[in-house]
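Q: Turn this into a model:
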Amino acid sequence: MGYVSFVRRIRALLSIQNQLARECLAELLAVFVLILITLGGAAQMITSSGTKGDIVTSSLAGALAVMVAIHTAGGVSGAHLNPAFSLSMSLLGQLPWWKFPIFVAVQTFGSFVAAAAVYALYYDAIWSYSNGTLTVSGPRETASIFATYPSEHLSLPNGFLDQVLGTAVLIVGILAITDTRNRAVPRGLEPLTVALLVLAIEVSMGFNCGSPMNPARDFGPRLFTLAAGWGTEVFSRGSSWWWVPVVAPLVGAALGTGLYQLFVAFHHPEEEEEEEDSGRARRQTKH
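A: Numbers count the residues shown, from 1 in each chain. Presented below is the predicted three-dimensional model:
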């Protein structure tokens, strides 16, 4: 049996034809890649005490991770990567509502597994930096490698507003970037453009709480830190902050979706009108 024939047989055995299963597998891998790189950037910055990375490199890691993740699953699942974006797609009728909880579960699981991989990758560095104690607060805390926590100055209402606005801007930007009836980017450049959008948000709105804007990105790794030994403080720190990056991005997604429809999408000419205008323009050109 030749190599090509062997590969074909293996592919035939492993190939999955069910559309939902294919979407879930692609989404799982894409989220894993996204969170692995994002948390890896944070781990490098924190465990090296800033000598091998800073807030800029961490932000770049998160933004470029989005680009890689979109390329990974964009043609299969649409690379939602984020329950907030999945909610936006459901509100617009582009994702069936029955798929929404499935996508959220897959995204959260992918984030959990990626957090475990980052912990394994940086295991020695984390224990060395923390002096053998996994803490959620204090000068040697390492919990913020995995989940977001509010700055000392931030109140829950202000943090909620931060995440609503940040996610709304994210959704408005993505809808604009992919709107073919607006000034959409050239086909194939969507991943890079969305990555630049994420970077812009992170470097302008990251001070309060790190701009999670993704319930799965925050909740999955937070669950991992609870299981891995950081304790229940991962849910109680910051006046029980944990629910803000879970709920607020969903509110922001609904807000951003509504704003783009009300201010832009609803006002696009009807397709019939566009065709008539195009036909009229062609006739005028001929004459």
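
Q: alpha carbons only for contacts and neighbour counts from here, please
A: OK.

Q: can you pull the contacts of residue 68?
A: Residue 68 makes contacts with 30, 33-34, 191, as judged by Cα atoms under 8 Å, 6 or more residues apart in numbering.

Q: Quick check: phi and psi at it.
A: When read as degrees, to the nearest 10, the backbone of residue 68 gives phi -60, psi -40.

Q: Check what pLDDT it gets.
A: The model reports residue 68 with a pLDDT of 98.

Q: if I look at it, how far off is residue 211?
A: 19 Å (Cα to Cα, to the nearest Å).

Q: any idea of the mean pLDDT in stretch 14-25?
A: Rounded mean pLDDT across stretch 14-25 is 90.

Q: same question, stretch 37-44
A: 97.

Q: So what touches it?
A: Against stretch 37-44 from outside (Cα under 8 Å, 6+ apart): 50, 52-53, 57-59, 61-63, 65, 115, 118, 122, 126, 145-146.

Q: so which two of those residues are the farthest from each other?
A: Within the contacts of stretch 37-44, 63 and 126 form the most distant pair, 23.4 Å apart (Cα to Cα).

Q: Going by neighbour count, which residues of stretch 250-263 are buried?
A: Residues of stretch 250-263 classed as buried: 250-261 (neighbour count, 16 or more other Cα atoms under 10 Å).

Q: for this structure, what spans make up the helices?
A: 3-14, 19-47, 55-73, 83-91, 100-121, 123-129, 156-178, 190-205, 215-225, 233-240, 244-263, 271-286 (DSSP state H).

Q: how about those helices, which one is nearest residue 137?
A: helix 233-240 (7.9 Å).

Q: on contacts alone, who are the packing partners of the closest one?
A: Packing partners of helix 233-240 (3 or more Cα pairs under 8 Å, 6 or more residues apart in numbering; DSSP states H and E): helix 215-225.

Q: I'd say residue 63 and residue 203 touch.
A: No: assessed by Cα atoms under 8 Å, residue 63 is found out of contact with residue 203, at 10.4 Å.

Q: which of those two has more neighbours?
A: residue 63 (26 against 15; other Cα atoms under 10 Å).

Q: how much space between that one and residue 212?
A: According to Cα to Cα, residue 63 stands 12 Å off from residue 212.

Q: tally of neighbours for residue 4?
A: 9.

Q: so what's it up against?
A: Applying Cα under 8 Å, 6+ apart, no residues contact residue 4.

Q: Just the pLDDT at it, thanks.
A: 72.

Q: Ok, residue 270 next?
A: 79.

Q: That one: what's it in contact with?
A: Contacts of residue 270 by Cα under 8 Å, 6+ apart: none found.

Q: my guess is residue 33 contacts residue 70, does it?
A: No: counting by Cα under 8 Å, residue 33 stays clear of residue 70, with 9.9 Å between them.

Q: Pick out whichever of the two has more residues nearby.
A: Between residue 33 and residue 70, counted using other Cα under 10 Å, the more crowded position is residue 70 (26 against 20).

Q: what's the closest non-adjacent residue to that one?
A: residue 79 (5.2 Å; Cα to Cα, 6 or more residues apart in numbering).

Q: Would you confirm that that neighbour contacts residue 29?
A: No: in this structure, residue 79 is not within contact of residue 29 by Cα under 8 Å, at 9.8 Å.

Q: Which of these two has more residues huddled nearby?
A: Ranked by neighbour count (other Cα under 10 Å), residue 79 and residue 29 place residue 79 first, with 25 against 20.

Q: Right, I'll leave it there.
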